[in-house]
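K.L.:
Quick one, what's the 3D model for this:
(one chain, ligands or ions: 1)
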Amino acid sequence: MGKGKVYLIGAGPGDPDLLTIKAAKCIKRADVIVYDRLVNSRILDYAADEAEMVYVGKKPGFHCMPQAEINRILVKKSMEEKTVARIKGGDPFVFGRGGEEAEELVKNNVEFEIVPGITSAVAAPAYAGIPVTHRDYSSSFHVVTGHEARDGSGVSIDYEALARIQGTLVFLMGIGNIRLICNNLMKHGKNPHTPAAVVENGSGFNQKTVTGTLEDIHKKVLDSGINPPSVTVIGNVVKLGKKLSWFPRGPLKGRRILVTRSRGQSKELVEKIEGLGGEAVVFPVIKITRPDSFSKFDIVLNEIRLYKWLVFTSANGVEAFFSRMKDTGMDLRLLSKINICAVGAATKGEVLKHGILCDFVRQSHTGKELLADFLKIVAPGEKVLLARSDIAGNNLPESLKKAGIEFTELKAYKTVGQKPSNTGDIINMLNNGKLDYITFTSSSTVKNFVKSIGKGNIGRTRDLKVVCIGRAACETAVSEGFAGAVPADEHTIDSLLDLIVKIEKGGI
Ligand code: SAH
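P.N.:
Reported below is the predicted structural model:
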């Protein structure tokens, strides 16, 4: 029987950008993605749309899937000739049970590759400014499980040796046992004044660090409400943390921001939120698709020379128009005599991607204002082509009609509402006050957000800040029950982020 292949992949400690290039390539290529709790959802976005997603981590209130069951899934999927990406937090061979999974694959003659990841044992301290080695303080580091401290002296861990050693000690999975761990070390002679730090959610937007000494760190952990996942670092290198502290940083640090626009369009917003230190939670309540039929589209393209004006009101319209031209083998020079009009800077930017400078750009999205200017420059008898979404409003076409301008409306793409697979998680976040902002970039994102979470859950958004691109989106948000919705000054992602930063600084 032919067999597939399994990649045992380390996804790094949390920051999705710490994924290796090889890991991203393997995830993209996989038919099946097998993942657990510590894997950031942004990493799963590398998976192909049609990939099968298998969650094998802990579910709230339930235990982890037994290891034997995970092994069985890996073998079964590879027997079906599938390429499997088994993704684990950090590095797969550092307390990840990756070794056991690899043994199982060998036993079943399944081809596999190991893709090492950045382990939290090194990265979490690094993100807290703590180098695990340093010429002046420590010439080794020792990564230890904190899981086995439970029986007092530790079953298989030689605390006596650990207490004696001068190198840095890093305990994983130990937060619940931190008092025992420290006591065991002190009992075996480790100096109670040895510096110690605990780093929670290392490299995540919500990273937290507490520092103390072997003697008092357990109390500090308790007082500051530190939770898993956390690493405990013990040794003189901890002293450097204060001097070398560099993360989290940025005006949005610690803030969680919901991105509701389509997945394909959310990249810029997500990256900029992360660049400012926040966490973007992707919740694509709409998706942009091709029109059901291209027959009208193609008729219009065949007659494109008859038009004097080509009007785009969104970047999606531009994208749809030019990709159809390309797909049907049309030469861009056919547009050379046509004036191109864009609404909004993002739309103008999308046109520019094709090497074309717009002849007319208007900031506002409302048909009325666009029309007022437009009427001044469109001469009688000049034909206008409006390339828009299937759900675009009627204002603009009606005004054009009234003004006697000859136009064709082309539904260049479809905006489809969808209930994202993480809807349950988002409702939980709303219930637990885990979100700070919701971003809406169009009226359709507002409407489909409400549809996805259910009208009954809107009340739960009361403490959140709602920020929008465009007055139309903002008006829709207010009418859907988000009373405090605020519009960005301009129709751009940067302006939306400026607004959030301004709110953070108390400017609004
Ligand atoms: N293979 C993983 C470790 C898995 S064991 C790795 O190489 O990082 C799970 C433990 O890893 C957690 O209990 C915690 O101690 C640690 N851990 C994982 N991610 C972490 C993070 N972002 N910050 C702090 N500790 C983390």
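
K.L.:
Show me the shaky parts of the chain.
P.N.:
Counting by pLDDT under 70, the ranges of the chain that qualify are 1-2, 59-63, 149-155, 364-369.

K.L.:
The ligand contacts on that one?
P.N.:
Within reach of the ligand by Cβ under 6 Å from any ligand atom, the chain has these residues: 13-14, 38, 88-91, 94-96, 119-121, 124, 172-173, 199, 201-204, 228-231. Every C-beta, even on glycine, is put in place using the N, C-alpha and C of the backbone.

K.L.:
And the residue of the stretch 51-200 of the chain that's closest to the ligand?
P.N.:
At 1.9 Å from the ligand, residue 90 is the closest residue in the stretch 51-200 of the chain, using Cβ to the nearest ligand atom.

K.L.:
residues touching that residue, list them.
P.N.:
By Cβ atoms under 8 Å, 6 or more residues apart in numbering, the contact set of residue 90 is 10-13, 38, 96, 117-121, 123.

K.L.:
circling back to that earlier point, please produce a ChimeraX select command covering the buried subset of the residues of the chain next to the ligand.
P.N.:
Here is the ChimeraX command that picks out the buried ones among those, judged by 16 or more other Cβ atoms under 10 Å:
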select :13,14,38,88,89,90,91,94,95,96,119,120,121,124,172,173,199,201,202,203,204,229,230,231
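
K.L.:
how about the helices of the stretch 51-200 of the chain, start to end?
P.N.:
Along the stretch 51-200 of the chain, counting by DSSP state H, counting those that start in this stretch, helices occupy 67-79, 98-107, 120-127, 159-164, 178-187.

K.L.:
Can you tell me which of those helices is packed in deepest?
P.N.:
Comparing the helices of the stretch 51-200 of the chain by mean neighbour count (mean count of other Cβ atoms under 10 Å), helix 120-127 comes out on top with a mean of 25.

K.L.:
Summarise which helices and strands that one is packed against.
P.N.:
strand 141-145, strand 168-172, strand 195-200, strand 230-234 (3 or more Cβ pairs under 8 Å, 6 or more residues apart in numbering; DSSP states H and E).

K.L.:
Out of those strands, which one sits most buried?
P.N.:
strand 230-234 (a mean of 27).

K.L.:
Within the sheet, what are the partner strands of that strand, with directions?
P.N.:
Strand 230-234 sits in its sheet next to strand 168-172 (antiparallel), strand 195-200 (antiparallel), going by DSSP bridges.

K.L.:
List the contacts of that strand.
P.N.:
Contacts of strand 230-234 (Cβ under 8 Å, 6+ apart): 120-121, 124-125, 128, 130, 132, 146, 168-172, 174-175, 178, 181-182, 185, 190, 194-202, 214, 217.

K.L.:
Go ahead and measure how far it is from the middle of the chain.
P.N.:
27 Å (Cα atoms, centre = their mean, to the nearest Å).

K.L.:
Ok, stretch 187-204 next?
P.N.:
Distance, centroid of stretch 187-204 to centroid of chain: 31 Å (Cα atoms, centre = their mean).

K.L.:
okay, it in PDB with CA atoms only?
P.N.:
Extracted in PDB, the C-alpha atoms of stretch 187-204 (Å, rounded to 0.1, in the frame of the first residue of the first chain):
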ATOM      1  CA  LYS A 187      16.600  21.600  50.500                       C
ATOM      2  CA  HIS A 188      19.500  20.400  48.500                       C
ATOM      3  CA  GLY A 189      21.500  23.500  49.200                       C
ATOM      4  CA  LYS A 190      20.700  26.000  46.500                       C
ATOM      5  CA  ASN A 191      21.000  29.500  47.700                       C
ATOM      6  CA  PRO A 192      17.500  30.900  48.600                       C
ATOM      7  CA  HIS A 193      18.500  34.300  47.200                       C
ATOM      8  CA  THR A 194      19.200  32.900  43.700                       C
ATOM      9  CA  PRO A 195      17.200  35.100  41.300                       C
ATOM     10  CA  ALA A 196      14.100  33.500  39.700                       C
ATOM     11  CA  ALA A 197      11.600  34.600  37.100                       C
ATOM     12  CA  VAL A 198       8.400  33.200  35.700                       C
ATOM     13  CA  VAL A 199       7.300  34.200  32.200                       C
ATOM     14  CA  GLU A 200       3.700  33.500  31.200                       C
ATOM     15  CA  ASN A 201       2.700  33.400  27.500                       C
ATOM     16  CA  GLY A 202       6.300  34.200  26.400                       C
ATOM     17  CA  SER A 203       6.300  36.000  23.000                       C
ATOM     18  CA  GLY A 204       2.600  36.400  23.100                       C
END
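
K.L.:
Please name the nearest non-neighbouring residue to residue 125.
P.N.:
Spatially, and ignoring its direct neighbours in sequence, residue 125 is nearest to residue 233 (5.0 Å; Cβ to Cβ, 6 or more residues apart in numbering).

K.L.:
before we move on, what about residue 494?
P.N.:
residue 272 (7.4 Å).

K.L.:
what do you get for residue 484?
P.N.:
Using Cβ to Cβ, 6+ apart and skipping the chain neighbours, the partner closest in space to residue 484 is residue 466 (6.2 Å).

K.L.:
Next one: the one you found relative to the ligand, how far apart?
P.N.:
Noted for residue 466: a distance of 30 Å to the ligand, by Cβ to the nearest ligand atom, to the nearest Å.
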